[in-house]
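Student: Sequence below, structure please.
(one chain, ligands or ions: 3)
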Amino acid sequence: MDEQLLLEEENVIVDNVADQLITIAERLARMEVTIESIQQEIHQLEGQLKRKLEAKGKMLAKKRKLYCAICKLSGHETTKCRKGSAAQKIQWAMEQKCCLNCNMQHPGACNKPPACIKCQGMHLTAFHLQ
Ligand SMILES: [Zn+2]
Ligand SMILES: [Zn+2]
Ligand SMILES: [Zn+2]
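Tutor: Ligands and ions are numbered 1, 2, ... in the order given. Purely as a prediction, here's the structure:
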């Protein structure tokens, strides 16, 4: 009689443990879904951050481009400066090791057509000496 009772009790315990295991397994499954969605979120955020940093980099590059080395002010490019003389601009371009014809840094001769509209020479009109 007592033994029978003990066996039943043990059965109940086994059932309980099995139930708990199932519950844990279910929770684990839910957690895996959550982890996956968190990972996806992180991935998306990383993408957003990357795009924002790229946009910031472009903005900074644009700002840098709009800095005038002659009047030490931002807002216009050195080549577009109204105060600076052509000689000053040429000196600046040579210091920057920029091509006088396209204002870019590149090795060898320029492959762009002559830029000056005043003399059709291989230099920007801004670098044209009177
Ligand atoms: Zn200027
Ligand atoms: Zn060039
Ligand atoms: Zn010229």
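Student: gap between residue 69 and ligand 1?
Tutor: Residue 69 sits 8 Å away from ligand 1, going by C-beta to the ion, to the nearest Å. To be clear about C-beta, it is placed using only N, CA and C from the backbone, and glycine gets the same treatment.
Student: Assess the claim that that residue and residue 76 are in contact.
Tutor: No - the pair residue 69 / residue 76 is not scored as a contact, 10.8 Å apart, by C-beta atoms under 8 Å.
Student: neighbours around residue 129, how many?
Tutor: For residue 129, the neighbour count with other C-beta atoms under 10 Å is 11.
Student: Ignore what I typed, I meant residue 108.
Tutor: 6.
Student: Could you do residue 68 as well?
Tutor: With other C-beta under 10 Å as criterion, residue 68 counts 20.
Student: Quick check on it: phi, psi?
Tutor: Main-chain torsions, residue 68, degrees, to the nearest 10: phi -100, psi 120.
Student: swap in residue 61?
Tutor: Dihedral angles (degrees, to the nearest 10) for residue 61: phi -60, psi -40.
Student: Give me the local confidence score for it.
Tutor: pLDDT, residue 61: 80.
Student: Averaged pLDDT, the strand or helix carrying residue 93. What do you get?
Tutor: Assigned by DSSP states H and E, residue 93 belongs to helix 86-95. On average, the pLDDT along helix 86-95 is 96.
Student: so where's the chain shaky on pLDDT?
Tutor: Residues of the chain meeting the criterion pLDDT under 70: 1.
Student: With ligand 2 as the reference, measure out to the closest residue to residue 120 other than its chain neighbours.
Tutor: Of all residues beyond its chain neighbours, the one nearest residue 120 is residue 114 (4.9 Å), with distances taken as C-beta to C-beta, 6 or more residues apart in numbering. From residue 114 across to ligand 2, the span is 11 Å (C-beta to the ion).
Student: Please name the residues that touch the residue most central in space within the chain.
Tutor: Nearest residue to the geometric centre of the chain (C-alpha atoms, centre = their mean): residue 54, 2.5 Å. Applying C-beta atoms under 8 Å, 6 or more residues apart in numbering, we find residue 54 in contact with no residue.
Student: Locate it within the secondary structure: which element?
Tutor: helix 2-65.
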